[in-house]
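*Asks:* Provided below are the primary sequence and the corresponding predicted coordinates.
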Amino acid sequence: MFDAATDGRSYLRHRAAQFRAQVARRIDGSLTEDEFRPLRLMNGVYLQLHAYMLRVAIPYGTISPAQMRGLARIAERWDRGYGHFTTRQNIQFHWAALVDIPDMLDALADVGLHAIQTSGNTVRNVTTDAFAGAAADEIEDPRPWAELLRYWSTDHAEFQFLPRKFKIAISGGERDRAVIPAHDIGLRLRRQGREVGFEVWIGGGLGRTPLIGKVVRDFLPAADLLPYIESILAAYNLSGRRDNKYKARLKITVAERGLEVLREEIEAEFLRRKAVFSSGAPEALLDELRARFAAPRFRAPDDTGYEIALAANPSFRAWSDTNLSPHRQPGHASVTVTLKAPDMTPGDCTAAQMRLLADLAERHAYSDLRIAHDQNIVLPHVHRSELPALYAALRDAGLATANKGRITDIISCPGMDFCTLATARSIPIARELADYVRARDLEDDIGPFDLRISGCINACGHHHLGHVGILGLDRAGVENYQITLGGDGYEIPSIGERAGAGFPYDQVVPAIGRLIDAYLGLRDAPEERFIDALRRLGAAPFRAALYPEAADGKAAK
Amino acid sequence: MIAPDLETRAARLNARYRNHAAVQVLRHALADPELGRVALVSSFGAESVVLLHMLSVAAPDTPVLFVDTRMLFPETLEYQRQIAAALPLTDIRVIRADDAALAEADPDGRLHQRDTDACCDLRKVVPLERALSGFDAWITGRKRFQGGERSGLDFFEPEPPLRLRVNPLAHWRPQDVAEYMEENALPRHPLVARGYPSIGCAPCTSAVKAGEDPRAGRWRGAEKTECGIHFIGGKPRPVAPLPAEPVSAPRPSAAPLPLRGAGPGPLSKDDEMTTAAPTAPARQPAAAAAGPAAAPADAPVLVRDDGFHPVDTAPDVALPPDSDPAALAPCLGASLVAVEFPAMTDGRGFTLARLLREQGFSGRIRATGALIADQYAMARRVGIDEVQIPAELARRQPQEQWLARADWQDWDHRSRLAG
């Protein structure tokens, strides 16, 4: 395995050296720009608006304190002192110089991290639940499987030049916290009697054609995972469209060719591949991986201090109410540190914050850290007795914002401030919206609310899955924002529907303000969340709030 | 005051904006004091609306020069009016040849039948040159992918004696153009849908058929490929040398780099624009290439783990990338199967080779087409034995670059899992 063993580090160094040589060969003319582009992309190097961007994988979101400090060093040495956590458990450095990138890759290899296959038409970073190994509702920790998939997919010769990028997510909980139906392949751990296996979803994805995936196999015995996944990829590699990049994702192949046709091809190929993978799942390797991801030795100290602090400190209590998640081990909780404080750019994290989180993880949280897909940091294992001190340290650093899952816990892509693809700004909208809600002190009143913003149709902010989604477009040189209602990435997977005509930049916050007011007036109890009210009442009353002129006009006529 | 040394200025500007996107080049160029007074020249043709839109966002008061040769399609004139109304450009100037000159040189309007170059000169080149006399630089929409003399375009190009040309879209691919129009909901020239991907004057422009170059409809049947306005101030001069398959080409040692390999650079299918006829990927007929008559300098090369070899036998079967994976049985008895890779970004051949091996094929598999040295290990890992490459690639990526990937058995994670 290449993230812990010496053997793994040397593989990462070998890859860094390979990229260094590719940069040199680009400069001496051995590689043309067209040839170099896919090579740099499969090493996570994008050409962005201001500079090259390096996208580093945080595989299945798990990162050690030493690795976090490694990211902090890179941010300080080669970037502007911060990094940006994305919605796919990656971190992006937006200010890299091409000539420095081989050195950055070496520095990553030093701490067992890499940027391999974080871009390009290949199998991307495998993502999973940030609460893996800690969640109370977990069937099995998905990370040994995620690591197996990463090992298998890295440098997989057959699948480096697919029709388009390919995203795999895996979830181990009863509740899906990895957005399984929005991936090319989504895997849900299942138990059938004593046997563990996977429910396999294919053909989901967001972007310009958002589609919820479909179940291609109800129960795949765990041992058959790799040959089955290979069969899906082989069918896609041959039949995915290559004539139009907007029709090239697996979701379109499934939609156009039909799930049944693909299933037949996959199952036929699976029989052949299964014979090749004759040993089934490499059990010895899996045992090694399970040992690596084994839970820490949980302690059980006295936690009366926690109860006292809860009673004495209302802000600690508020933070505990919002930012803690249930843990399978009694006396423990998982802590979410949101990177969504006032004046913070969603997902941005400074080197100082990274170091602090690394220190706090060591001091209070069994040295474990996770990067969540909602651009927050999770300390998965914290004993209650540690919470008051942890909270105080986070508060002093401005990282104890009690807003997990609240309307100000906004998911946002970098938008036009950084990204060449973006057609509109997203970060300033996120900030202004959060400011607006805070100025009216509505965060707690509104309660759970999933708000997401994408700065272009590629939907990196996963706006389709927000209870309310905002999509920034360019209409003849002017930013224009569409609002979608009713998306859900968790309980009832659904794609938000467009509410109506878009709004100019300066009308977005007032429109969301009207939407909030309508919700507060319409809900039947404070416990009824926005999404529940929307499901109960339908979109009409919320549309009317967004477009009062249209509603008035109708009334007048 | 503009620096006198045009070449130096162009080189300096190219270095400064090397890594910039088109819109940045445009925006910065308009504000860069080194450029001086700038105008955009537009034909309001098939793809012109992209630059016009960009300009209308970046600097709508920049002069836009539109040459009306009075031989244009009525659709072009209508489209010009439509765009002028839709975009907030404030200084569109229509340039025409003066009546006296027309009356003298082309009284019957049939000069184009006798001498196309003279007609272009009269109606386009001379009037534009006159209109440009007050400018230090002009912006064009030319792109490298348009090929021919445009293949070596840089962002900034000297136009002796004094002017610079700015080509913000030089590095755009057809797909970039299509995407930009789609993203910004820009109106299309009505003739594009009727088979005219490149539009000039009515008498000298015809529709192109599927498979033809998008500019094939310009001066069809004549050697002529450019009207001449892009030669103002000098004869055709691609900035980066783009010789047709140099016989003893030394490896390019420094910038400027060749854009693609010499020869018809196969574009990946992702790069093809829906409105334009796709560039058919060049395929090497393996048998012909293996013939003894082939000149050694142009002969393709076979790459194996121990280096370069001449192409020996011809394959029994060639598998194109769209081969039916369920119908590979007839290949299984062959001794040499060629798996074709029409573009380096088209990875179907990797799966086809794997399927052959899975089904028990034990003969030789040869990859042909567009693989590069960096893909050698991938080819070997899926069961391909050798890669056939054109002579041009063998020169550009010599043996040692391929041998560097002969270590394909190291770090092959998948093979450790699949046993």
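*Replies:* Received the coordinates, thanks.
*Asks:* list the contacts for the residue of the stretch 251-400 of chain B found nearest chain A?
*Replies:* Proximity of the stretch 251-400 of chain B to chain A (CB to the nearest CB) peaks at residue B:347, 2.9 Å away. In short, each C-beta sits where N, CA and C put it, glycine included. With contact set as CB atoms under 8 Å, 6 or more residues apart in numbering or on different chains, residue B:347 has these partners: A:121, A:158-162, A:237.
*Asks:* now the closest residue to chain B within chain A, what's its secondary structure?
*Replies:* For chain A, the residue closest to chain B is residue A:161, as judged by CB to the nearest CB, at 2.9 Å. Recorded secondary structure, residue A:161: coil (DSSP: H, G, I helix; E, B strand; the rest coil).
*Asks:* my guess is it meets residue B:345, correct?
*Replies:* Yes: applying CB atoms under 8 Å, one finds residue A:161 in contact with residue B:345, separated by 5.4 Å.
*Asks:* identify the contacts common to these two.
*Replies:* A:38, A:121.
*Asks:* residue ranges with poor pLDDT in the chain?
*Replies:* Since you didn't name a chain, this refers to chain A. Counting by pLDDT under 70, the ranges of chain A that qualify are A:1-8, A:49-50, A:279-281, A:551-557.
*Asks:* my bad, chain B
*Replies:* The model of chain B has pLDDT under 70 over residues B:1-4, B:19-20, B:221-223, B:228-296, B:419.
*Asks:* ok, residue B:141 to chain A distance?
*Replies:* Taking CB to the nearest CB, to the nearest Å as the measure, residue B:141 falls 18 Å from chain A.
*Asks:* returning to what we had before: please name the nearest non-neighbouring residue to the residue of chain A closest to chain B.
*Replies:* Of all residues not flanking residue A:161 in the chain, residue B:347 sits nearest, at 2.9 Å (CB to CB, 6 or more residues apart in numbering or on different chains).
*Asks:* what about the spatially most central residue of chain B, which SS state?
*Replies:* Nearest to the centroid of the C-alpha atoms of chain B, with distances taken as CA atoms, centre = their mean, sits residue B:145, at 1.5 Å. When states are read from three-state DSSP, the local structure at residue B:145 comes out as helix.
*Asks:* show me what from the stretch 1-150 of chain B comes close to chain A.
*Replies:* In this structure, the stretch 1-150 of chain B approaches chain A at residues B:19, B:21, B:24, B:53, B:56-57, B:86-87, judged by CB under 8 Å from any CB of the partner chain.
*Asks:* may I ask which two of those are separated the most?
*Replies:* For these, with distances taken as CB to CB, the pair at the greatest spread is B:19 and B:86 (31.7 Å).
*Asks:* name the element the residue of the stretch 1-150 of chain B found nearest chain A belongs to?
*Replies:* Ranking the residues of the stretch 1-150 of chain B by distance to chain A (CB to the nearest CB) places residue B:57 first, at 3.8 Å. Per DSSP states H and E, residue B:57 falls inside helix B:48-58.
*Asks:* point out the residues in the stretch 251-400 of chain A that sit beside chain B.
*Replies:* A:265, A:268-269, A:272-273, A:276-279, A:282, A:285.
*Asks:* swap in 7 Å and give it another go.
*Replies:* Taking CB under 7 Å from any CB of the partner chain as the measure of proximity, the stretch 251-400 of chain A contacts chain B at A:272, A:276-279, A:282.
*Asks:* how far away is the residue nearest in space to the middle of chain A from residue A:207?
*Replies:* The structure's chain A has its C-alpha centroid closest to residue A:373; by CA atoms, centre = their mean the separation is 2.6 Å. From residue A:373 over to residue A:207 the distance is 16 Å, taken as CB to CB, to the nearest Å.
*Asks:* what's the answer for residue A:337, then?
*Replies:* Taking CB to CB as the criterion, residue A:337 is separated from residue A:207 by 29 Å.
*Asks:* more neighbours: these two, which one.
*Replies:* Neighbour totals were compared for residue A:337 and residue A:207, and residue A:337 leads with 25 against 19 (other CB atoms under 10 Å in any protein chain shown).
*Asks:* quick check on the residue lying closest to the more buried one once chain neighbours are set aside: phi, psi?
*Replies:* Closest residue to residue A:337 in three dimensions, ignoring its sequence neighbours and counting by CB to CB, 6+ apart: residue A:377, at 4.5 Å. Dihedral angles phi and psi of residue A:377 (degrees, to the nearest 10) take the values phi -110, psi 140.
*Asks:* got the contact list for residue A:377?
*Replies:* Contact analysis of residue A:377 by CB atoms under 7 Å, 6 or more residues apart in numbering or on different chains lists A:337, A:339, A:357, A:369, A:371.
*Asks:* contacting residues around the last one?
*Replies:* Residues counted as contacts of residue A:371 (CB under 7 Å, 6+ apart) are A:58, A:61, A:63, A:85, A:89, A:130, A:377.
*Asks:* for stretch B:148-155, buried residues please.
*Replies:* By neighbour count, with 16 or more other CB atoms under 10 Å in any protein chain shown as the criterion, the buried positions of stretch B:148-155 are B:149-155.
*Asks:* first to last residue in it, what's the distance?
*Replies:* 17 Å (CA to CA, to the nearest Å).
*Asks:* so what's residue A:158 closest to, chain neighbours aside?
*Replies:* Nearest non-adjacent residue to residue A:158 (CB to CB, 6+ apart): residue B:350, at 4.5 Å.
*Asks:* show me what the helix or strand harbouring the one you found is packed against.
*Replies:* When secondary structure is defined using DSSP H and E, the element that contains residue B:350 is helix B:348-358. Secondary structure elements in contact with helix B:348-358, counted by 3 or more CB pairs under 7 Å, 6 or more residues apart in numbering or on different chains; DSSP states H and E, are helix A:225-239, strand B:336-341, strand B:364-369.
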